[in-house]
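Novice: dropping a prediction and its sequence here:
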Amino acid sequence: MLLFDAHCHLQDKRYAGRLPVVMARACAAGVSRMACCGSEEQDWEAVRKIALEYKMVLPSFGLYPLNVPNRSKQWREQLKSFLLSIPSGVGEIGLDNSVEPGNNVEQEKVFVAQLHLARELQRPVTIHCRKAWGRLLEILKQEGGVKHGGIVHTYSGSPELVHPLEDFGVSISFSGAITRDGNKRGCKSLQTVSKERLLLETDSPDIIPVGAEGTCNEPANLPLVARAAALLLNEPVETVAELTCRNAERLFRSVVIPDLIGNPEKSKTGFPLSRE
């Protein structure tokens, strides 16, 4: 069973000094691809280095909404430079109205600028949204959706918003939050997503699934998310794994490192990327 972690943060300092072990555990768990998102200018180089070292990692670079106030004057030029330096997506970007004082106007300006950059470079986007669903839909409508695909990751919106979001070209990704008791809205939303738009993620090192060991989430815990999704969909876990892996590969096809296109057997580090 192969799995694709559609959203994680391998550059996080909580993995410092032990990333090789984390990657080996992911491989042993059947996680053959990982989409790793940068969230601020200071971590983009770390994401790039990880993607160059571990060929199963598909990088994205973006400004996370809560990091918008800390951006440099040259942030857009630097972002474009990173996007051109390696096959990559645009993310993690988006809107977050969960903190006070808010900076909604500034967030939206940066979000739209990154959507434009993704369109210019023909890249998929990874979108974060918290307590800003109405405004997200308005902006996606204003921008004509995402032209080259995208994800709303760790989906926390209502089931009623799923199909309107899909109509704008985005896929919907679910994390370990669906393993938690009482998350009825998240479970209903997962059951609402069109099969061709469904993705799974860990959002590691955060959102540890129920049943995982330790206090730091890892891509190796993705099978726990897949099993929870399979129960909700009343499907074999192998079917859900294959479906979501295929959906993610289709979305990220423009980001796949060129020497892995086709039927790769191993990465630069020797980790297998396909299994019989």
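Specialist: The structure has been received and is ready for your questions.
Novice: wait, D43 touches Q11, no?
Specialist: Yes. In this structure D43 lies within contact range of Q11 using CB atoms under 8 Å: 4.9 Å. All C-beta atoms are positioned from the backbone trio N, CA, C, and that covers glycine.
Novice: so those two - more neighbours on which side?
Specialist: Neighbours were counted for D43 and for Q11 using other CB atoms under 10 Å; Q11 has more, 23 against 19.
Novice: how far away is the more buried one from P205?
Specialist: Distance, Q11 to P205, by CB to CB, to the nearest Å: 10 Å.
Novice: longest helix in this protein, please.
Specialist: What stands out as the longest helix in the chain, according to DSSP state H, is helix 104-121.
Novice: what's next to that helix, contact-wise?
Specialist: 62-63, 65, 68-69, 71, 76, 79-80, 83-84, 89-90, 93-97, 123-125, 132, 135, 139, 143, 146-148, 150 (CB atoms under 8 Å, 6 or more residues apart in numbering).
Novice: now N247. Nearest residue, chain neighbours left out?
Specialist: Nearest residue to N247 in three dimensions, chain neighbours excluded: L199, at 5.8 Å (CB to CB, 6 or more residues apart in numbering).
Novice: sheet-wise, list the partners of the helix or strand where the one you found lies with their directions.
Specialist: If you go by DSSP states H and E, L199 is part of strand 198-200. According to DSSP bridges, strand 198-200 forms sheet pairs with strand 170-174 (parallel).
Novice: kindly export the strand it pairs with (C-alpha atoms) in PDB.
Specialist: Taking C-alpha atoms only, strand 170-174 is exported to PDB below (Å, rounded to 0.1, in the frame of the first residue of the first chain):
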ATOM      1  CA  VAL A 170      -9.200  22.900  -5.600                       C
ATOM      2  CA  SER A 171      -8.900  19.500  -4.000                       C
ATOM      3  CA  ILE A 172      -9.700  18.900  -0.400                       C
ATOM      4  CA  SER A 173      -7.200  17.400   2.000                       C
ATOM      5  CA  PHE A 174      -7.800  15.800   5.400                       C
END
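Novice: quick one: the helix or strand just after it to strand 170-174, angle?
Specialist: Moving toward the C-terminus from strand 170-174, the next helix or strand (DSSP H and E) is helix 184-192. Comparing the axes of helix 184-192 and strand 170-174 via axes from the mean of the first three to the mean of the last three CA atoms, to 10 degrees yields an angle of 130 degrees.
Novice: which stretches of the chain form helices?
Specialist: 19-28, 44-53, 75-85, 104-121, 133-142, 162-167, 184-192, 222-233, 237-251.
Novice: just those helices: most buried one?
Specialist: helix 222-233 (a mean of 21; mean count of other CB atoms under 10 Å).
Novice: that helix versus helix 184-192: what angle between them?
Specialist: Going by the same axes, to 10 degrees, helix 222-233 makes 80 degrees with helix 184-192.
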